[in-house]
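A.B. asks: generate coordinates for the sequence data below:
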Amino acid sequence: MKLKISALLIAGLVSGTAYADIGDAGTSYAGLQYAKASYEADYDIEADPSVLVGRFGHYLTDYFSVEGRVGLGLSDDNVSVDGSNTDATVEIDHLFGAYAVGHLPVTDVASIYALAGFTQGEATAEYGSFSKSDDDGGFSFGVGGEVNFFSPRFSGTLEYMSYLDKSDYEVSAISAGVNYQF
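C.D. replies: As a prediction, the model looks like this:
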């Protein structure tokens, strides 16, 4: 809970200085991320499927943007229980999200950001011929860094995101990706 509040405060503080003139206001960006997700549930159940995440955002001010995401599962992962692998697998089928993003430049080519919003996702668990899909949605938050390379329009990102944090399970991800600003 403290982490959620901290992410919201950082996003608010960063976006609170949003009227300085660094030139991003009115521009948009699109990008792709490779995300290694982590599914952790009660009774020490874990799996680490991968997801390809598409991002599209628009800067409303120089330090504040809104962003939408669509993610598609790339691979499933074996479920482990108490550290022992099982024959069951978990795959993230898709995720959709909308977020408010506060950006803070650190240098001329690097910045950090915090984001908060809502994610809806669906996952499938399989064991032999048995398959069960389930979907859920809720509050999401994350932090990341961005570095421009080759030109101000291209950047690389590294990010931690808590997509869903429910009472009986959590889905989070570490992601690396690229963005193009237009």
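A.B. asks: strands paired with the strand of greatest length in the chain, and their directions?
C.D. replies: In the chain, taking DSSP state E as the definition, the longest strand is strand 84-105. For strand 84-105, the paired strands and their directions (DSSP bridges) are strand 64-75 (antiparallel), strand 77-81 (antiparallel), strand 110-127 (antiparallel).
A.B. asks: what residues does the first one touch?
C.D. replies: Residues from elsewhere that reach strand 64-75 (C-beta atoms under 8 Å, 6 or more residues apart in numbering): 14-15, 18, 24, 29, 34-35, 49-60, 91-103, 115, 117, 119, 121, 123. (Glycine included, C-beta is placed from N, CA and C.)
A.B. asks: and if you look at the second one?
C.D. replies: Residues lying outside strand 77-81 but in contact with it, judged by C-beta under 8 Å, 6+ apart, are 43-50, 85-91, 125.
A.B. asks: now, of those, which are buried?
C.D. replies: Buried members of the contacts of strand 77-81, counted by 16 or more other C-beta atoms under 10 Å: Ile45, Glu46, Ala47, Asp48, Pro49, Ser50, Ala88, Thr89, Val90, Glu91, Ala125.
A.B. asks: would you reformat the residues you listed as CSV and include pLDDT?
C.D. replies: Shown next, in CSV, are these (pLDDT from 0 to 100):
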residue, pLDDT
Ile45, 92
Glu46, 96
Ala47, 96
Asp48, 97
Pro49, 97
Ser50, 98
Ala88, 94
Thr89, 95
Val90, 94
Glu91, 96
Ala125, 93
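A.B. asks: tell me the one of those residues nearest Asp108?
C.D. replies: Looking at these and their distance to Asp108, the nearest is Ser50, at 32.9 Å (C-beta to C-beta).
A.B. asks: from what I can see the closest one touches Tyr39, true?
C.D. replies: No - counting by C-beta atoms under 8 Å, Ser50 does not reach Tyr39; the two are 11.5 Å apart.
A.B. asks: per-residue pLDDT, the residue of the chain most remote from its centre?
C.D. replies: Distance to the chain centre peaks in the chain at Ser129, reaching 31.4 Å (criterion: C-alpha atoms, centre = their mean). Ser129 is assigned a pLDDT of 92 by the prediction.
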